[in-house]
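J.: Need the 3D shape of this:
(2 chains)
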Amino acid sequence: MKIKLIHHKTLFLLAIFALLSIITSCNSDKKSKDSEDTVTIDSLEIDEKLIQDVKTVKEIFYSLPSPLETAMILKQAGAKYNEELLNPTDHVSRYVTNKSMALNLGIYTTDLSYASLFDQTQATINYMDAAKKMAEGLGILNAIDEDIIERLEANINNRDVIMDIISETIMNSSSFFEENDRQAMSAIVLVGGWVEGLYIATNLVAPEADLKNNELVNRIIDQKLTLNTVVSLLEENLDNEDVQNVLTNVNELKAIYEKIEITTSKIEPVTDKETNVTTLKSETKVNISPQTFNELKEKIKVIRNNYIL
Amino acid sequence: MKKITQIFIIFTVLALLPFIGNAQCKSFAKKVCKTELNPYIHDGNYNAAILTEGEDAELYKTFYAGQNYRIYICASETLPDIEFQVLDVNRNVLFDNRKNNYTRKWDFKLESSQQLIISLRVKNSEVENEELISGCVAIMFGIKEDAN
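T.: Numbers count the residues shown, from 1 in each chain, chains lettered A, B, ... in the order given. Okay, the predicted model is just below:
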């Protein structure tokens, strides 16, 4: 990684040039060079206060479970595969607005991850194609190109490679939004995928199921912990009208989740010296009534079905 | 006038950093950082930013019971050491890499799902100079199904 040393006068000229470039190329899809990852500012007579301001900048990330993680959580909790729960791929032509394409990029990517974890080869290809159409509609360049589809088809029986491809497509999409200052769309994609995960999970819990000691129910309840992160992520982008609408839905879910009690003990980290893996030991108690569970399931269904209309 | 010029330059350079840095960060995260997650699978989320020495960042995320996780803090080699801690919601420290030779990775699993905070800080350079060194810092998560 190369370090750039730029002198004062040159920097001033560069600054003017760069500002003009930004103004004129703000909405272009021009690709950036990506061969360097460090920037060093040199030879500036910066006063103390300005240095201090620079040094107190703080970056905050709100990270939601990605579609791939959601699918892995479902499988680990004992979920079965049910294709009827997924958003049919022939719905793709319905989505023409940025909001609907972003939501359904998240939804289709969760469906894709879920299908791939259960070795559903044809569904995996179909959902990758549906996600590709949503990404293209949103102007995401190279998130899912022909090469990815070919790699997917060539490795369709190798789950590790498939998961790596899915992980790469998720990263390509989220980094594209980040690079192009479209964080609002990125947030909507993540919420779409998260709601789809909740929809699949709540529908895989049998009506007569015991809500206690049920891993799938526990993972649904755990989403109460994620809700604050979802809200914070959306609130960072409240100037976007689509985000405001999605936040209204999330707050409806939050109102129901507030009826669920979760108490957790202090966390004790214990490290296995052989494997170097730390276990965070703690005990959590949850309390959810069948009425609250059904209310939650119904609300998730209404929101999700509205998203896939 | 000189002061205004300086402020203008600094403001402009700071405004430019995200544009220059984001594309570089993605490439860096993809080519360099992802491999460090093996044998864990990258979750696909992109959490990266250009940070300058002395700056800090925090990430909020829920981690789920039944999964094995690897946190990997990936940073440009020109940056000074990165300090990172994992905290619970009450900010009790669960892991501190300063006590572990500034390791950039931490493998863990949970008995019950928890919201955790990953807090990191780029150390100040030990060499006194007028340069502020900046570079890409990515917080990467790998997941692995629990074999138990």
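J.: Going by C-alpha atoms from here, please, whenever you check contacts or count neighbours.
T.: Will do.
J.: Going by proximity to chain B, name the top residue of the stretch 101-250 of chain A.
T.: A:Ser167 (4.2 Å; Cα to the nearest Cα).
J.: Any idea how many residues pack against that residue?
T.: A:Ser167 has 22 neighbours, counted by other Cα atoms under 10 Å in any protein chain shown.
J.: What strand or helix carries B:Leu94?
T.: Secondary structure from DSSP states H and E places B:Leu94 in strand B:93-96.
J.: Mind listing what's buried along that strand?
T.: B:Leu94, B:Phe95, B:Asp96 (16 or more other Cα atoms under 10 Å in any protein chain shown).
J.: do the same with stretch B:121-129
T.: B:Arg121, B:Val122, B:Lys123, B:Asn124.
J.: Of those, which belong to helices?
T.: In helices, defined here by DSSP state H, there are no members of the buried residues of stretch B:121-129.
J.: Pull the most distant pair out of those residues.
T.: Farthest pair in these (Cα to Cα) is B:Arg121 and B:Asn124. Separation: 9.0 Å.
J.: residue ranges for the strands of the stretch 201-309 of chain A, please.
T.: In the stretch 201-309 of chain A, the strands defined using DSSP state E, counting those that start in this stretch lie at A:261-264, A:268-272, A:277-281, A:284-287.
J.: for the chain, which spans come out with low pLDDT?
T.: No chain was given, so I picked chain A. A:1-58 (pLDDT under 70).
J.: I was after chain B.
T.: Using pLDDT under 70, chain B drops low at B:1-23, B:129, B:146-148.
J.: Have a look at it and report its longest strand.
T.: strand B:132-145 (DSSP state E).
J.: Can you list the strands that that one pairs with?
T.: Strand B:132-145 sits in its sheet next to strand A:38-41 (antiparallel), strand B:41-42 (antiparallel), strand B:48-52 (antiparallel), strand B:67-75 (antiparallel), going by DSSP bridges.
J.: of all those strands, which lies closest to A:Thr202?
T.: strand B:67-75 (19.7 Å).
J.: any idea which helix or strand comes after that closest one?
T.: strand B:82-87.
J.: That following strand vs strand B:132-145, what angle?
T.: Counting by axes from the mean of the first three to the mean of the last three Cα atoms, to 10 degrees, strand B:82-87 lies at 40 degrees to strand B:132-145.
J.: re earlier: check the offset of the strand holding B:Leu94 from the chain's centre.
T.: Distance of strand B:93-96 from its chain centroid, counting by Cα atoms, centre = their mean, to the nearest Å, is 15 Å.
J.: mind listing what the residue of the stretch 101-250 of chain A closest to chain B touches?
T.: Taking Cα atoms under 8 Å, 6 or more residues apart in numbering or on different chains, we find A:Ser167 in contact with A:Leu68, B:Ile41, B:His42, B:Asp43, B:Gly44, B:Asn45.
J.: Could you rerun that using 10 Å?
T.: Shown in contact with A:Ser167 (Cα atoms under 10 Å, 6 or more residues apart in numbering or on different chains): A:Ser66, A:Pro67, A:Leu68, A:Glu69, A:Thr109, A:Ser113, A:Val161, B:Ile41, B:His42, B:Asp43, B:Gly44, B:Asn45.
J.: Name the residues of the stretch 201-309 of chain A found near chain B, please.
T.: A:215, A:218-219, A:221-230, A:232, A:264-272, A:275-285 (Cα under 10 Å from any Cα of the partner chain).
J.: just the buried members of those?
T.: Of these, these count as buried by 16+ other Cα under 10 Å: A:215, A:218-219, A:221-230, A:267, A:269, A:277-280, A:282.
J.: before we move on, the earlier item: which of the contacts of A:Ser167 fall in strands?
T.: Judged by DSSP E, strands contain the following of the contacts of A:Ser167: B:Ile41, B:His42.
J.: Narrow the contacts of A:Ser167 to those in helices?
T.: A:Pro67, A:Leu68, A:Glu69, A:Thr109, A:Ser113, A:Val161.
J.: Can you narrow those down to the ones near chain B?
T.: Within the ones in helices among the contacts of A:Ser167, those near chain B by Cα under 10 Å from any Cα are A:Pro67, A:Leu68, A:Glu69, A:Val161.
J.: For A:Ser63, give me its contacts.
T.: Here A:Ser63 is in contact with A:187, A:190, A:226, A:229-230, A:232-233, B:45-47, B:59-62 (Cα under 10 Å, 6+ apart).
J.: ok, 7 Å please
T.: By Cα atoms under 7 Å, 6 or more residues apart in numbering or on different chains, the contact set of A:Ser63 is B:Leu59, B:Tyr60, B:Lys61.
J.: can you check B:Gln114 too?
T.: Counting by Cα under 7 Å, 6+ apart, B:Gln114 has contacts B:Thr62, B:Phe63, B:Tyr64.
J.: Near chain A, list only the ones from those residues.
T.: Contacts with chain A within the contacts of B:Gln114, as defined by Cα under 7 Å from any Cα of the partner chain: B:Thr62.
J.: Now go through the contacts of B:Gln114 and say which are in strands.
T.: B:Thr62, B:Phe63.
J.: Show the residue spans covered by the helices in chain A.
T.: Under DSSP H, chain A gives helices at A:8-25, A:48-55, A:67-76, A:98-117, A:121-137, A:146-154, A:159-179, A:183-204, A:215-235, A:241-257, A:290-307.
J.: just so I know, which of these lies nearest B:Glu53?
T.: Once the helices of chain A are compared by Cα to Cα, helix A:48-55 is nearest, at 7.5 Å.
J.: so how far is A:Ile60 from the residue nearest the centre of chain A?
T.: For chain A, the residue sitting closest to the mean C-alpha position, by Cα atoms, centre = their mean, is A:Leu190 at 3.3 Å. As judged by Cα to Cα, to the nearest Å, A:Leu190 and A:Ile60 stand 17 Å apart.
J.: next one: B:Cys136
T.: When B:Cys136 is compared with A:Ile60 (using Cα to Cα), they lie 15 Å apart.
J.: Looking at the two now, which is surrounded by more residues?
T.: B:Cys136 (26 against 16).
J.: Wait, that one touches B:Ile50, no?
T.: Yes - using Cα atoms under 7 Å, B:Cys136 is in contact with B:Ile50, at 4.5 Å.
J.: Which residues are in contact with each of those two?
T.: Joint contacts of B:Cys136 and B:Ile50 (Cα under 7 Å, 6+ apart) do not exist.
J.: A:Ile200: neighbour count?
T.: Using other Cα under 10 Å, A:Ile200 has 26 other residues around it.
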